[in-house]
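>>> Sequence first, predicted model second:
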Amino acid sequence: MSPPATLAKTWTDRLADRLGPLVRSRTTALLVLSVVVGSMSGLLSVSFWHAIRWVDLMGSIAFYDWLRQAVDPAEHWLTPAMWAAVLPAMGALLMAGVTWRIFRERENPTVATVMLDARTSPGQLPLRYVPAAFVGAALVIGSGGSAGREAPVVAMGGILGGWVGRRLGLTQRRRQILIGCGTAAAIAAAFDAPLAGVFFALELVLGDYTAATLSPVVLASVAGTSVCRSLEGVGASHFAVPPYHIAGWWEIGLYAGLGLAAGLVAPLFVTTHAAIHGLFRRLDRVPGSLKPMVGGLAVGIVALALPQVMGNGYEHVQDALTGRLAAGLMVALVFGKILATSLTLGSGGWGGDFSPLLFIGAMLGGAYGVGLHWLLPAMGIAASSYAMVGMGALLTAAVRCPITAILLLFELTGSYQVILPMMTAVAVAIPVSRIFLKRGMYHERLEEMGGPASDLPETRLLETVTVASVMQPRAVTLSAAAPYREILKVIATSDQLVFPVLDAGGRLLGALTFKTLRGHLDAAELADLVVAADVISEDIPVLTVRDSLERAMQLFAEWDLEEIPVVTDLAERRFAGILTRRQAMAARARVLAEWEMEDR
């Protein structure tokens with residue numbers, strides 16, 4: 001009898017054989033697949049939410065009651081608060097055991113992971129990431145770890161979409177679109193917000209607004225929302241948003257202050273997460289599988305003072321939206337949630353940072369609204385309205401997704417009145433956060449992973465092409481000791497315009513150009529006195545074999561050169577070849593043409 005893995009492979013192979021020719025020959029089949037991927041992603045989103053609830057119930061109630069009866073019936077030391085503080089460490093330990101031992105995966109799949117997959121080699125992430133993320137993140141979040149469910153669902157949906165495209169033998173372009181379909185449906189189902197799901201995929205994951213991309217992503221978002229509504233009911237979301245209230249149109253200006261606050265808090269969130277992640281990476285004495293547990297213990301200590309920071313925390317967001325939290329507590333929760341989330345994810349815990357951003361934004365906006373109400377008591381300011389806008393403002397400041405944030409708030413509130421305050425806060429939050437953060441946090445992580453982080457589709461395409469694949473490996477070079485007569489002879493018999501000058505070990509010292517030689521062409525008396533090293537120009541651009549075609553195009557635009565030397569790396573500067581402007585332009589045209597052909 002064949003093992004289960006063999007049976008599964010055989011089944012998928014048969015499905016690919018049957019559907020592959022149809023999918024490759026008909027564009028309409030992509031729309032059908034987008035509905036399938038969207039439906040599956042929506043089902044994953046709903047199932048994942050119930051899995052988190054089940055873990056929460058089992059850990060905080062069922063298992064606690066059993067353990068208390070067994071070891072401390074009188075609750076002398078095993079109090080509910082003490083148990084809640086220990087639970088995140090237990091959940092993180094279980095998570096590490098499951099993901100490391102069973103699924104053999106150590107890295108938490110994030111939104112940046114899916115962005116990297118979509119923008120480089122779509123469909124290359126293994127399918128086992130889906131069950132690993134489902135179980136691992138559910139254990140962390142359900143046990144009280146400070147993380148969110150949206151990013152894991154986005155990762156699962158995107159990985160599933162890419163896997164379907166790869167199994168069916170689709171082109172790279174169509175696999176990329178299916179990844180976007182999975183992520184759009186995940187967000188749409190999570191918030192019952194189909195428009196926000198569409199623009200999350202277009203704005204962040206794909207960075208592509210073309211018509212060929214829009215139609216499948218829209219259908220997937222509709223499918224994911226429909227699945228969610230059929231299982232959970234219409235309006236099923238994490239929290240019930242009260243009606244939006246604005247005292248008068250003059251109040252819109254006050255939201256600029258909230259945008260300023262969000263623009264300052266977002267970099268604090270990103271830098272704190274990066275600092276704690278770096279701290280745990282340097283903890284060499286602690287085994288990698290135990291680091292999430294250490295982070296969980298630290299979260300439990302924070303939770304002893306601020307229990308609201310545990311888990312998704314959406315029930316406390318609901319309190320902020322309805323004005324049931326004091327301003328001082330909300331300010332404390334802003335910093336407490338930043339710390340708790342950084343400890344959970346920075347130590348290696350699985351989960352996302354999308355929900356924590358909404359939590360922090362709600363607390364920030366709520367505290368800001370309460371402060372305004374205290375300063376202007378007679379103006380009828382509703383603090384809960386600022387909590388709503390704060391969610392979108394902080395999300396935009398950290399992630400740089402203004403359209404997604406505006407549409408998400410619009411769909412959650414169902415009120416057009418929220419649009420102008422939201423736009424005001426977003427318009428201020430982005431430039432303020434850019435003072436400290438060059439890019440959004442997902443794009444920063446994508447760049448750290450070596451992926452194309454540009455917002456322009458053409459730039460991202462050129463960033464996927466290396467100079468090594470385009471350059472001319474053979475070139476006419478000169479020795480540093482080459483006499484002036486030899487230099488003139490080489491130049492007279494070569495079509496090159498730039499001549500790299502190398503030392504005895506093959507390292508690039510500089511280059512000779514006609515511009516540098518122009519002043520010496522008539523100096524016959526120098527023929528036996530000058531060598532190449534005397535007249536080279538060291539102030540020339542240099543590329544490495546690992547540089548992207550986009551980097552090369554930038555240098556050609558900045559420098560008045562037709563050719564640029566290429567080295568293995570900037571440290572050793574060992575000569576590897578030369579790249580001409582014509583080669584770069586031809587490669588650019590070829591890449592864009594291939595992309596346009598796949599788009600049809």
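Cool, got the structure.
>>> Name the SS class of Leu78, please.
coil (DSSP: H, G, I helix; E, B strand; the rest coil).
>>> in terms of contact, does it touch Asp65 like I think?
No: Leu78 is not in contact with Asp65 according to Cβ atoms under 8 Å; the separation is 10.7 Å. The way it works is simple: take the backbone N, C-alpha and C, and place the C-beta from them, glycine included.
>>> Look at these two and report which has more neighbours.
Leu78 (16 against 10; other Cβ atoms under 10 Å).
>>> Now the more buried one: phi and psi?
phi -90, psi 70 (degrees, to the nearest 10).
>>> residues near Leu268, how many?
For Leu268, the neighbour count with other Cβ under 10 Å is 15.
>>> Look up how far Ser433 lies from it.
In this view, Leu268 and Ser433 are 10 Å apart by Cβ to Cβ, to the nearest Å.
>>> Same question for Ile102.
Separation of Ile102 from Ser433 (Cβ to Cβ): 39 Å.
>>> Ok, Ile159 next?
Distance, Ile159 to Ser433, using Cβ to Cβ: 29 Å.
>>> likewise Phe335?
Counting by Cβ to Cβ - Phe335 and Ser433 are separated by 17 Å.
>>> where along this protein do the strands fall?
For the chain, the strands defined by DSSP state E cover 478-479, 498-502, 508-513, 543-544, 563-567, 575-580.
>>> tell me which strands and helices the fourth one is in contact with?
Same thing as strand 543-544. Where contact means 3 or more Cβ pairs under 8 Å, 6 or more residues apart in numbering; DSSP states H and E, strand 543-544 is packed against helix 549-558, strand 563-567.
>>> Just give me the lowest mean pLDDT stretch among these.
Mean pLDDT is lowest for helix 549-558 among the helices and strands packed on strand 543-544, at a mean of 86.
>>> Just the buried positions in it, please.
Across helix 549-558, burial judged by 16 or more other Cβ atoms under 10 Å covers Leu549, Glu550, Arg551, Ala552, Met553, Leu555, Phe556.
>>> out of these, who's nearest Leu87?
The closest of the buried residues of helix 549-558 to Leu87 turns out to be Glu550 (Cβ to Cβ; 47.3 Å).
>>> Return the residues in contact with Gly224.
Applying Cβ atoms under 8 Å, 6 or more residues apart in numbering to Gly224 gives the contacts 38-39, 41-42, 45, 157, 184-186, 188-189, 194, 197.
>>> How about Gly259, nearest residue that isn't a chain neighbour?
Leaving aside its chain neighbours, Gly259 sits nearest to Val428 (3.0 Å; criterion: Cβ to Cβ, 6 or more residues apart in numbering).
>>> any weak-confidence spans in the stretch 1-150 of the chain?
Along the stretch 1-150 of the chain, the model assigns pLDDT under 70 to residues 1-26, 72, 74-76.
>>> mind running it again at 90?
Applying pLDDT under 90 to the stretch 1-150 of the chain flags the ranges 1-30, 57-85, 100-109, 118-122.
>>> For Glu105, what are phi and psi?
Dihedral angles (degrees, to the nearest 10) for Glu105: phi -130, psi 130.
>>> So it sits against Ala132, correct?
Yes: using Cβ under 8 Å, Glu105 is in contact with Ala132, at 4.8 Å.
>>> Looking at the two, which is more packed in?
Legend: neighbour count by other Cβ under 10 Å for Glu105 and Ala132, higher for Ala132 (28 against 18).
>>> domain assignment for this structure?
4-232, 249-458, 461-598 (automatic domain parsing).
>>> Out of those domains, flag the one nearest Pro243.
domain 249-458 (6.7 Å).
>>> Could you tell me the end-to-end distance of that closest one?
Taking Cα to Cα, to the nearest Å, the first and last residues of domain 249-458 lie 41 Å apart.
>>> Determine how far it lies from the middle of the whole chain.
Domain 249-458 has its C-alpha centroid displaced from the chain centroid by 16 Å (Cα atoms, centre = their mean, to the nearest Å).
>>> Turn the helices and strands packed on strand 543-544 into TSV, columns for distance to Gly323.
Shown next, in TSV, are the helices and strands packed on strand 543-544 (distance: least, Cβ to Cβ, whole Å):
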stretch	distance to Gly323
helix 549-558	49
strand 563-567	61
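>>> for the ones you listed, which one sits closest to Ser215?
helix 549-558 (28.5 Å).
>>> Which strands or helices does that closest one pack on?
Where contact means 3+ Cβ pairs under 8 Å, 6+ apart, helix 549-558 is packed against helix 457-463, strand 543-544, strand 563-567, helix 581-598.
>>> Could you give me the buried positions within the first one?
Buried residues in helix 457-463, counted by 16+ other Cβ under 10 Å: Pro457, Thr459, Arg460, Leu461, Leu462, Glu463.
>>> what's next to it, contact-wise?
Helix 457-463 has contacts (Cβ under 8 Å, 6+ apart) with 119, 207-208, 210, 451-452, 454, 548-550, 553, 588, 591-592, 595.
>>> all helices in the stretch 251-400 of the chain, in order from the N-terminus.
Counting by DSSP state H, counting those that start in this stretch, one finds helices in the stretch 251-400 of the chain at the ranges 255-281, 291-305, 314-321, 327-346, 354-375, 383-399.
>>> Go through these and name the closest to Val153.
Closest approach to Val153 among the helices of the stretch 251-400 of the chain (Cβ to Cβ): helix 354-375, 9.3 Å.
>>> Give the other helices and strands that that closest one contacts.
Helix 354-375 sits against helix 150-167, helix 255-281, helix 314-321, helix 327-346, helix 383-399, with contacts defined as 3+ Cβ pairs under 8 Å, 6+ apart.
>>> residues near Ile540, how many?
For Ile540, the neighbour count with other Cβ under 10 Å is 20.
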